[in-house]
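1. Have a look; sequence and predicted model below, questions after that.
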Amino acid sequence: MSDMRALYQEVILDHNRKPRNWGAIANPNRHAEGHNPLCGDHVKLTMNVEDGRIESIAFEGVGCAICKASASMMTGAVKGRNTEEAEQMVEEFRGMATGTLDPEQSHLGRLKVFAGVKDLPSRVKCAILPWHTLHAALNSEQQVSTEGASDPVPGE
Ligand code: FES
């Protein structure tokens with residue numbers, strides 16, 4: 001339980017209770033929906049990218065506290081960044097959550113609060129789902145799943 005207590009730090013609880021950037025952007029020029037078939041949860045992401053920069057981003061859907069907090073913090077972290085920086089954050093978050101990247105070697109800032117999920121295999125996909133969805137939206141894919149080819153922890 002100590003891992004779980006550490007994970008549900010105040011910042012995660014706060015973002016779950018009051019998710020930032022909740023809703024949908026009107027007339028988005030990028031959008032994607034990510035699914036976690038294991039639990040049925042899904043994240044719908046809408047955004048506008050202008051001149052290679054994420055001008056606006058919002059999310060909605062159904063997810064557990066970790067998923068929702070991850071999506072909330074992700075939208076805040078990438079808003080205003082260029083798409084290359086956002087893709088780098090996708091890679092770094094994925095590395096941190098699966099334990100292949102030392103968070104101190106990343107540019108994830110407050111998102112390092114999710115470092116503990118690497119010790120909780122059943123929650124890795126919860127944290128990564130919004131980031132999968134962001135990657136899909138940036139690459140004009142409209143549906144993505146945490147299973148199959150994009151499974152972050154195959155064999156779990
Ligand atoms: Fe479904 Fe976490 S339990 S995303």
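-> All right, it came through fine.

2. and this structure, which of its residues are near the ligand?
-> 36, 39, 41, 63-64, 66-67, 126, 129 (C-beta under 6 Å from any ligand atom). Just so you know, the C-beta spots here come from the backbone N, C-alpha and C atoms, and that holds for glycine as well.

3. just the residues you listed now: which is nearest residue 53?
-> residue 129 (24.1 Å; C-beta to C-beta).

4. rewinding a little: identify those among the residues of the chain next to the ligand that sit within helices.
-> If you go by DSSP state H, these have 66-67, 126, 129 in helices.

5. Count the neighbours of the closest residue to residue 36 other than its chain neighbours for me.
-> Counting by C-beta to C-beta, 6 or more residues apart in numbering, the nearest residue to residue 36 once its immediate chain neighbours are dropped is residue 146, at 4.7 Å. Neighbourhood size, residue 146 [other C-beta atoms under 10 Å]: 22.

6. mind listing the strands for this protein?
-> Applying DSSP state E to the chain gives strands spanning 30-36, 41-50, 53-62, 143-145.

7. Please, where are all the helices along this protein?
-> Using DSSP H, helices in the chain cover 2-7, 10-17, 65-78, 83-98, 121-138.

8. circling back to that earlier point, of the residues of the chain next to the ligand - the most surrounded one?
-> Result: residue 129 is most packed of the residues of the chain next to the ligand (other C-beta under 10 Å), 29 neighbours.

9. residue contacts, that one?
-> Residues in contact with residue 129 (C-beta atoms under 8 Å, 6 or more residues apart in numbering) are 34-36, 41, 43, 63, 67, 70-71, 146.
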